[in-house]
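Engineer: build the 3D model from these lines:
(2 chains, ligands or ions: 1)
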Amino acid sequence: MYKQTEDRRSFLKKMAILSAVTTATAMFPGILFAEEQTKNLPVGDLEWKKAPCRFCGVGCGVKVGIENGKAVAVKGDPNSTVNKGLCCVKGYHAVISMYGKDRLTKPLVKKNGKYVETSMKEALDLVASKLKETREQHGNDSVSIYGSGQWTIPDGYVASKFFKGCLSTNNVEANARLCMAGAVGGFLTTFGIDEPMGCYEDIDHADVFVLWGNNMAEMHPVLFSRLLDQKYKRKAVIIDFATRTTRTSVAANKSILFKPQTDLAVANAICHEILRNGWENKEFVSKYCNLSKGKTNIGYGLEDKFKFKEEASAINLDEFKKFLEDYTPEKVEKISGVSAKDIKYMASLYGDPNKKVTSFWCMGMNQHTRATWINNLVYNIHLLTGKISTPGNSPFSLTGQPSACGTVREVGTLTNRLPYGVVMNPKHREKAAKIWNVPVSNIPPKPTYHTVEMFRALDRGDIKFMWIQVTNPMVTLPNVNRYTDAAKKEGRFIVVSDIYPTPTTDIADVILPSAMWVEREGLFGNSERRTQYFEQMVNPPGECMSDTWQLIEVARRLGFQEQFPYKEETHIEEIYNEYRQFHNNKKHNMAPLEVLKEEAGMQWPYVDGKPTQWRFNAKYDPACTKEGFDFYGKPDGKAIIWQRPYEAPPEVPTEEFPFWLNTGRVLEHWHTGSMTRRIPVLNRAVPHAYVELNPVDAKRLGISDGDMVLLTSKRGKLKMPALINGRGLPPVGQVFTPFFDENMLVNKLTLDAYDPISKQPDYKKCAVRVEKA
Amino acid sequence: MPIKSYIAYPSEGKRQELIEALKEFEECEVIPSENHKIIIVVTETDSKEEEKVMEAKLKEVNSLMMLSMVAGFDTN
Ligand code: SF4
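Structural biologist: Okay, the predicted model is just below:
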């Protein structure tokens, strides 16, 4: 057992064995190891406290080991139904990211081009006075806040209350606009209410998993191991439907590749086949669905101040069938490169009444200039077949960040949203004003800027003050050069709250050092509507302060003591209890904090002391008011099957720029790498970005593995080393590069086009030239 | 001084061969499952360079189908 005096090396070795045993046990239930080899495990005498993992939207429950006031180890929480004791390599090393050598511990203020250390009090005074002065000189909408899906629930809540309720501006956005807005667009248009109807337990029931552009093996590794477990145990079938071959494709039963953007056409072809073969669930469609069509040729948001307004009209099933005649498998084969045989095979899986099917997706469908449409189309397949809201039958949109759902979507930290409803609705504004203790006239009735437009407004000078918390937009914004230059323009004042120096702190006038994860108390909400609490386990270093408390301090300096009366010792509990009032109904009730403190998270709606696993199904969901299914987000309780066509993307390869460029993540790094690059073992595993090329293209261009390659798009140039036959294999004519490396900013090349409905940009396709450098 | 743990998957029908091959590596501790084909491998080397050399040698083992890292620490 672990003792203070025990050799550190032997302690770490035991931890490494423990991690592997725990992982194996979770992946292969019932697996045994010889007792003599594992008897000294687990490592004892540390104090283990529960938390959700800091990194991804899977939301694994972990136990953090504390020793002498320092977080020293992580293991999976066997009580968590999410991961059942399992963690991925990022989760196991999460605590190391708290102790990087260059951790920001003191506030820094830019003076004559140089950063000067100051006290937190002075830094917050300066932020408050600049905020006040900017509003007085340029109006309420000249100030803004930009947060993220890594904001805790209380962070996002006080940001929204402060800016929307007190400062009277809807200039509140979060980076989830760059990753989840398309999913929200899909939910709202199809069901009238956000977030998945199913839960991870669907994995234990489904016979077939169709992964739509979702490299789960790297992006949602713990969930993927649960899928693999079902593949081995129950012979569940995994179909990887993607634009490049990845670790997921290799582990799947079948890999089907499609040309970028043509998932729209393939989804329609699947519906065509389902209807042609009479595989639709007629009773389900007639009782629980309406059909609609919307505007077409909707544009791409490339110009500043782009506007879009949907025009929906009802259609009938015959009209829908007629529309689908353009999407026979044979016709779609020509657009998509997917054989008619494979399209029919996918349709037959969805159409088989004896198979339960779960579809998973994440950025492939959401970072798409037709993100809302492709979300609608996958729902169409599940609605036509009635495979929804029952165990194993689930269209399941996954999230990337630990609280994209819990904070951005549920608290509503987007320009158009409130914690309950939207700013455009007078009743929703009244409710917010009452709970926030502000006059209703404070909350403006019109949304202002979504993320890309917010940064364009900063460039134009319409926004002069921006506070950025827990995100790194100077790495993640598409066409990032424009926005880096914008932030440096005269007359802009940028505040950045973060834990390490990043390209975003480089553009800051004030840098506020933040307390990270278990250095403060907080809550996250994961992909399956699970809210998870974590206590403060260790003290933050230096003057680091939680983002929640930074906002409260500044709000009070601006005279909003009455709205932010919380005590420092109990503020998280007070804020959570205030926030819960917004969702005090059967459709979204949240578990009390005492419950969350005890349990490894709880799913909402939490009604009569019970979580809800499957929404919209009267058997499981107490919010349903009729028999069978009740899609209660819509006034008549019916979900919408949308007629949406295939439309080409705004930029396609040409003679001058002949390759598709796709961007994304790798298993070892979290987003922009600002945390995981400080974890030596992960940084060594993938020390820098690279460009994956197909060997055929590489040979033709005379490029060998490791050679420097010059990528050029209409917006910029970037040199990076080639990776040939690495972990991913793009088809001929496509390249892929991860975005975690701030020294190789791939977003200099990407296009800031977005989905007109959800305003989510597309990072998965633009045109580039590829040359040996 | 890096320490890493992995889950190793043997090639079809080559589990025993893989266990034997891994045991040949001085830097590896091998923990085979009692009732499943997978094997836990813990590596302990003196430097990053040594670790790289060992990783390259491990990749050469043809009874090894896949090696998936679970945890890694540096004792320095
Ligand atoms: S899968 Fe995601 S939540 Fe789970 S341990 Fe890995 S990074 Fe953390």
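Engineer: for residue 51, which three-state class applies?
Structural biologist: Let's take chain A. Look at residue A:51: counting by DSSP: H, G, I helix; E, B strand; the rest coil, its state is strand.
Engineer: let's do chain B instead
Structural biologist: Quick answer, by three-state DSSP: residue B:51 is helix.
Engineer: contact partners for it?
Structural biologist: The contact partners of residue B:51, taken as C-beta atoms under 8 Å, 6 or more residues apart in numbering or on different chains, are B:2, B:4, B:43, B:45. Using the backbone N, CA and C atoms, a C-beta is placed for each residue, glycine as well.
Engineer: and stretch A:52-65, average pLDDT?
Structural biologist: For stretch A:52-65, mean pLDDT rounds to 96.
Engineer: ok, it near the ligand or not?
Structural biologist: Yes: interface with the ligand: stretch A:52-65 contributes A:53, A:55, A:56, A:58, A:59, A:60 (C-beta under 6 Å from any ligand atom).
Engineer: then stretch A:144-159?
Structural biologist: No: for a cut-off given as C-beta under 6 Å from any ligand atom, stretch A:144-159 has no contacts with the ligand; the smallest distance is 12.0 Å.
Engineer: sorry, back to before: tell me the two of the residues of stretch A:52-65 next to the ligand that are most distant?
Structural biologist: A:55 and A:59 (9.6 Å; C-beta to C-beta).
Engineer: who has more neighbours, these two?
Structural biologist: residue A:59 (31 against 26; other C-beta atoms under 10 Å in any protein chain shown).
Engineer: contact partners for that one?
Structural biologist: A:52, A:53, A:82, A:402, A:524, A:525, A:526, A:527, A:528, A:530, A:532, A:601.
Engineer: and with 7 Å instead?
Structural biologist: A:52, A:53, A:82, A:402, A:524, A:526, A:527, A:530, A:532 (C-beta atoms under 7 Å, 6 or more residues apart in numbering or on different chains).
Engineer: so for the nearest residue to it once chain neighbours are set aside, what's the pLDDT?
Structural biologist: In space, and not counting its chain neighbours, residue A:59 is closest to residue A:526: 2.6 Å by C-beta to C-beta, 6 or more residues apart in numbering or on different chains. On pLDDT, residue A:526 comes in at 97.
Engineer: give me the distance between residue A:526 and residue A:402.
Structural biologist: 7 Å (C-beta to C-beta, to the nearest Å).
Engineer: which elements pack onto the strand ranked longest in chain B?
Structural biologist: Ranked by number of residues, the top strand in chain B under DSSP state E is strand B:64-74. For strand B:64-74, the helices and strands in contact under the criterion 3 or more C-beta pairs under 7 Å, 6 or more residues apart in numbering or on different chains; DSSP states H and E are helix A:8-27, helix A:89-92, helix A:680-685, strand B:2-10.
Engineer: give me whichever of those is most buried.
Structural biologist: Ranked by average neighbour count under the criterion mean count of other C-beta atoms under 10 Å in any protein chain shown, these are headed by helix A:89-92 at a mean of 26.
Engineer: ok, then the element right after it?
Structural biologist: Sequence-wise, the next helix or strand downstream of helix A:89-92 (DSSP states H and E) is strand A:108-111.
Engineer: so for that following strand, what's the average pLDDT?
Structural biologist: pLDDT averaged over strand A:108-111 gives 97.
Engineer: restricting to C-alpha, output it in PDB.
Structural biologist: Extracted in PDB, the C-alpha atoms of strand A:108-111 (Å, rounded to 0.1, in the frame of the first residue of the first chain):
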ATOM      1  CA  LEU A 108      -1.100  40.600 -16.100                       C
ATOM      2  CA  VAL A 109      -1.900  44.000 -17.500                       C
ATOM      3  CA  LYS A 110      -0.500  45.200 -20.800                       C
ATOM      4  CA  LYS A 111       1.400  48.500 -20.400                       C
END
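Engineer: pull out the buried residues from it.
Structural biologist: A:108, A:109 (16 or more other C-beta atoms under 10 Å in any protein chain shown).
Engineer: and the most centrally placed residue in chain B, what does it touch?
Structural biologist: Residue closest to the average C-alpha location in chain B (C-alpha atoms, centre = their mean): residue B:41, at 4.1 Å. Residues in contact with residue B:41 (C-beta under 7 Å, 6+ apart) are B:6, B:8, B:22, B:28, B:30.
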